[in-house]
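Q: no sequence on this one, just coordinates:
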Ligand SMILES: C[S@@+](CC[C@H](N)C(=O)[O-])C[C@H]1O[C@@H](n2cnc3c(N)ncnc32)[C@H](O)[C@@H]1O
């Protein structure tokens, strides 16, 4: 009988050999940031309605979109639960007027024209409005690539139903053949277990996304120097993460009362503060050997 040419499967070996490509050291990332020149006012937040103003943005002007719209439920952003002191919550979180279906259609239909062919967008939604967001996506030429779940802790206590402890994040692209995706986690699952952040004493409106979550979207779906756009800036989390990762930002926020806080928070963050080359984030050989002891012979060979 002829011998099988198939090699024996070695658990973890593909991961041991895995390298992220492309990747940039700190100097390269900084240089890309400094030499970028985008068609819209880079590193600006404008205090106005995103629906009206996205129409006037140049075609193919942004590299990545992170959009976390108002919820469309009676949420004022002033809630004092979760141990939040109301003096640290900025009022005027602005809810939508009218039907959530219409609102979703209006802003989602503006995304396609501002996206470059390699661009993608992450649209955050609670489960109650998911239908409106999915229908609005369906009415565009955007392609839905993944339906991510963000699992968080501290859902609001309930008596007669399950505690809601997740959000939906729809990962959509303009062109499924050419979108940029930099797989810096070997096995990136579509459920993201990321705790909400608790910042005692920090002024904010009540809906801040965790920086870890936004950083993940930025690192998977953009390069240093790229322009990250957010139509609903809220606490400017997208802007803060972009600056911390050597990306530029642009976006809108209807609530002008957030302006001083945006400026203060952006000043407090150093350019490139969160940046680390992507290959440095992969598990070390030693960590992989703990998980897959069969890899020891390969690691020993590497160091011989
Ligand atoms: C869910 S919050 C965004 C939170 C943000 N992702 C963060 O991490 O802080 C939605 C924000 O959209 C703003 N907003 C509501 N309607 C808007 C509109 N038409 N244009 C721009 N901003 C709007 C609200 O004032 C609110 O700050």
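A: Thanks, I have it. Keep in mind that this is a model prediction, so the values were computed, not measured.
Q: residue 127 reaches residue 165, doesn't it?
A: No: here residue 127 does not reach residue 165: they are 10.8 Å apart, not a contact under CB atoms under 8 Å. In short, each C-beta sits where N, CA and C put it, glycine included.
Q: which parts of stretch 30-48 are buried?
A: For stretch 30-48, the neighbour count (16 or more other CB atoms under 10 Å) marks 30, 32-33, 36, 38, 40, 42, 45 as buried.
Q: tell me which stretches of the protein form strands.
A: Assignment of strands within the chain using DSSP state E yields the ranges 44-46, 62-67, 115-125, 143-151, 166-173, 191-193, 227-230, 248-252.
Q: can you list contacts of the first one?
A: Counting by CB atoms under 8 Å, 6 or more residues apart in numbering, strand 44-46 makes contact with 53, 233, 236, 239, 249-253, 259, 262, all of which sit outside it.
Q: who's residue 115 bridged to?
A: residue 62 (DSSP bridges).
Q: change the start of the numbering to 57 and stick with it
A: I'll keep to 57 as the first residue from here, and by that count the last item is residue 171.
Q: contacts only, for it.
A: 116, 118, 121, 177, 230 are the contacts of residue 171 under CB under 8 Å, 6+ apart.
Q: which of those sits closest to residue 150?
A: For these, the residue nearest residue 150 by CB to CB is residue 121; the value is 19.5 Å.
Q: next, count neighbours for that closest one.
A: By other CB atoms under 10 Å, the residues close to residue 121 number 25.
Q: what's the answer for residue 329, then?
A: 13.
Q: can you tell me if stretch 271-291 touches the ligand.
A: Yes: looking at stretch 271-291 against the ligand by CB under 6 Å from any ligand atom, the contacts come from 287-288, 290-291.
Q: mind listing what's buried in stretch 197-215?
A: 198, 204, 206, 208.
Q: close to the ligand, is it?
A: No: legend: contact between stretch 197-215 and the ligand by CB under 6 Å from any ligand atom is lacking; minimum distance shown is 11.9 Å.
Q: quick check: end-to-end length of that stretch?
A: Using CA to CA, to the nearest Å, the end-to-end distance of stretch 197-215 comes out at 42 Å.
Q: up against the ligand, what does the stretch 57-206 of the chain have?
A: Close to the ligand, as judged by CB under 6 Å from any ligand atom, the stretch 57-206 of the chain has residues 105-107, 124-126, 149-150.
Q: select only the buried ones of those residues in PyMOL?
A: Those of these that count as buried under 16+ other CB under 10 Å are selected in PyMOL with:
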select buried, resi 106+107+124+125+126+149+150
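Q: closest to residue 82 out of the contacts of residue 171?
A: For those, the nearest to residue 82 is residue 118 (24.5 Å; CB to CB).
Q: below-threshold pLDDT in the stretch 157-306 of the chain: ranges please.
A: 256-262 (pLDDT under 70).
Q: repeat that with 50
A: Across the stretch 157-306 of the chain, nothing is flagged by pLDDT under 50.
Q: for the ligand, what is the nearest residue in it?
A: residue 290 (2.4 Å; CB to the nearest ligand atom).
Q: what's the distance between residue 214 and residue 222?
A: Residue 214 sits 14 Å away from residue 222, going by CB to CB, to the nearest Å.
Q: thinking again about what came up before, and the contacts of residue 171, which two are the farthest apart?
A: So, the contacts of residue 171 by CB to CB: farthest apart are 116 and 177, at 13.5 Å.
Q: who's more crowded, these two?
A: residue 177 (26 against 16).
Q: so who does the residue nearest to that one when sequence neighbours are not counted touch?
A: Closest residue to residue 177 in three dimensions, ignoring its sequence neighbours and counting by CB to CB, 6 or more residues apart in numbering: residue 121, at 3.7 Å. Going by CB under 8 Å, 6+ apart, residue 121 touches 167, 170-171, 175-178, 284-287.
Q: could you redo the last one with a cut-off of 7 Å?
A: 167, 171, 175, 177, 285 (CB atoms under 7 Å, 6 or more residues apart in numbering).
Q: nearest to residue 81 among those?
A: Among those, and counting by CB to CB, the member closest to residue 81 is residue 175, at 24.9 Å.
Q: wait, that closest one touches residue 120, no?
A: Yes: if you go by CB atoms under 7 Å, residue 175 and residue 120 touch, sitting 6.1 Å apart.
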